[in-house]
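Q: just to be clear, the model below is a prediction. Sequence and coordinates:
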Amino acid sequence: MNSEIQGRAAHIAAIRDKAEAEMKAIGVDEVFISKLVETFYGRVLAHPELGPVFDARLSGRWAEHMQKMKSFWSSVAFRNGAYGGKPVQAHLGVANMTPDLFPKWLSLFSQTFEDVAPTPEARDWFMATAERIAKSLTLSLFYNPALDDSTKKTG
């Protein structure tokens, strides 16, 4: 059993090392992730539609949220386990959150990357990841299987 645990630890370390090397190759490090999060959420707060939704939920807790988002993106990029939260549960019950806000969030994220991305490859990687996250959250928060019942005929 001990060798099994050691093998798993080595496998996890190899995944982290590979992710770190991949991120380094496209110009991503912890300093960049901090800059990305600070810039992006500064823009979110100033956004006429996103800002009020985020600020209502995070008022008085922005510093905590920023640290959590830095941990989240670090964990996603470097596969280092820095984030241990539950994104779907964190977004449940957010007042005035609607599915149409997610494309606006993605657009603002993309605009931020146009300004701060160290390389086109970094922008592409983060945008593909953000698009998967937005799709997953949208489905988790708003999908209604009753509206997608393929056994029912329309028309």
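A: Sure, I can see it. No experiment lies behind these values; they were computed from the predicted model shown. Numbering: from 1, shown residues only.

Q: centre of the chain versus the lowest-mean-pLDDT helix or strand in the chain, how much separation?
A: None of the helices or strands of the chain scores lower by mean pLDDT, DSSP states H and E than helix 87-91, at a mean of 72. Taking the mean of its C-alpha atoms, helix 87-91 sits 11 Å from the chain's own mean (Cα atoms, centre = their mean, to the nearest Å).

Q: quick check: mean pLDDT of the following helix or strand past that helix?
A: Following the chain from helix 87-91 toward its C-terminal end, the next helix or strand by DSSP states H and E is helix 101-116. Per-residue pLDDT values across helix 101-116 average out to 94.

Q: other residues contacting the next helix or strand along the chain from helix 101-116?
A: Per DSSP H and E, the first helix or strand lying C-terminal to helix 101-116 is helix 120-142. The set of residues external to helix 120-142 that reach it, using Cβ atoms under 8 Å, 6 or more residues apart in numbering, is 25-28, 32, 36, 76-77, 87-88, 91-92, 97-99, 102-103, 105-106, 109-110, 113-114, 117. Just so you know, the C-beta spots here come from the backbone N, C-alpha and C atoms, and that holds for glycine as well.

Q: which among those end up buried?
A: Listed as buried from the contacts of helix 120-142 are 26, 28, 32, 36, 76-77, 97, 102, 105-106, 109, 113, 117; burial here means 16 or more other Cβ atoms under 10 Å.
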